[in-house]
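Chemist: coords below, sequence missing:
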């Protein structure tokens, strides 16, 4: 489970990630990539002390277009006494690579990002039950033809020890998870297409590259982590870097929050056939990422207004409380909605009490949005069950337009900048509540 102690997003995170991640260029004469890692009998997210596997046979394999696994000849090695291994793999001649470790009838797997290149070294996070489940989901993604749009970081974000356990036991299938992630990835592509128009493909590819860098850093830090606290901090940075991937690729803070909320909502909506426990687990994971993005976007919009420093601090505090509530939740829909509703109330109350706004106007705007026939009610009923990417975006666009109309009618005569800031804040605080 992700935890967040402090959110300090900046370009420095991605810059230092490039230094710290386990991918570094070697000699240009090297015609393969060096893959280093370790094998664990238990989940790295469950145990603070590793239970490493010695003497496991480790090989590289490729996932075929049908989703089957074919061993790559000449890539066999064994884990040493510390459970570590190193493989040389020609990643250009065999895409969609999975590392397989076997010992005494047990098998563990981990898969490589498509951004691993020959002439580089890559430190794979510990191979265990969770990475095995992630690899199964990846194989299904490949067989569905969606490996180009579903990122390794997407899979990372939803596979927890609980999900992995159900996949291993057969209670949940990797096909179900892969289908959900494919749906949300298609919605992300549609979002970029509509928001960025001509530059959408370039920006989306940049987002993918930056998400890969976030994943690289996570893999490296998990491989070197010796405590649960260190792993927790690694996941904190992973959340931050994932959000930066959208920001640095051309979306502003509000659009980033909207894109991530859409991704998380469609992922959860698509899991209609999984157990309620797994749906709740995925909802909690996605909601923490969304909460972080929404909080940062609201802070950015507050900075663009004439709100007092005390009010801005109150908004920061509301964001901290939001993330804390989600971390403490079981992921049940009612708990997550209550956390976002409390955040909405806190931000709205802060706006009402700030002299930059007229309290009655803010109350009227929020009241109209949340009335029985308001923008929020229409959005909630329309988005339920919709998975078609273009249809999904149309529902979001209608929601945005309706709130903009409500704000404009209530702030008639105000400056364009004020109308824009209030519109974006009202969209953000009502989006997930």
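Modeler: Sure thing, it's come through. Here the structure is a predicted model, which is why all the values come from computation and not from measurement.
Chemist: Now do the same contact list for residue 209.
Modeler: residue 115 (C-beta atoms under 8 Å, 6 or more residues apart in numbering). Bear in mind the C-beta positions are built from the backbone N, C-alpha and C, glycine included.
Chemist: so which strand or helix has it?
Modeler: helix 200-224 (DSSP states H and E).
Chemist: how about residue 122, secondary structure?
Modeler: For residue 122, the assignment made with DSSP: H, G, I helix; E, B strand; the rest coil gives strand.
Chemist: what's the spacing between it and residue 217?
Modeler: Distance, residue 122 to residue 217, by C-beta to C-beta, to the nearest Å: 12 Å.
Chemist: re the thing from before, what comes up buried for the helix holding residue 209?
Modeler: By 16 or more other C-beta atoms under 10 Å, the buried positions in helix 200-224 come out as 200, 203-204, 206-208, 210-223.
Chemist: State the next helix or strand along the chain beyond the helix or strand that contains residue 349.
Modeler: Following DSSP H and E, one finds residue 349 within helix 333-353. Following helix 333-353 in sequence order, the next helix or strand is helix 359-369 (DSSP H and E).
Chemist: what angle do that next one and helix 333-353 make?
Modeler: Angle between the axes of helix 359-369 and helix 333-353 is 150 degrees (criterion: axes from the mean of the first three to the mean of the last three C-alpha atoms, to 10 degrees).
Chemist: how about the helices in the stretch 1-150 of the chain?
Modeler: 11-20, 129-143 (DSSP state H, counting those that start in this stretch).
Chemist: swap in the stretch 201-350 of the chain?
Modeler: Here the stretch 201-350 of the chain has its helices, by DSSP H, counting those that start in this stretch, at 228-247, 253-269, 276-303, 309-328, 333-353.
Chemist: Residue 196: which of those helices is closest?
Modeler: For those, the distance to residue 196 is smallest for helix 253-269, at 8.8 Å, taking C-beta to C-beta.
Chemist: Give me the below-cutoff pLDDT ranges for this structure.
Modeler: The model of the chain has pLDDT under 70 over residues 1-30, 42-51.
Chemist: could the helices of the stretch 201-350 of the chain go into CSV alongside distance to residue 361?
Modeler: As requested, the helices of the stretch 201-350 of the chain are arranged in CSV below (distance: least, C-beta to C-beta, whole Å):
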stretch, distance to residue 361
helix 228-247, 30
helix 253-269, 21
helix 276-303, 17
helix 309-328, 16
helix 333-353, 9
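Chemist: which stretch among those comes nearest residue 39?
Modeler: The nearest among the helices of the stretch 201-350 of the chain, by C-beta to C-beta, is helix 228-247 at 16.9 Å.
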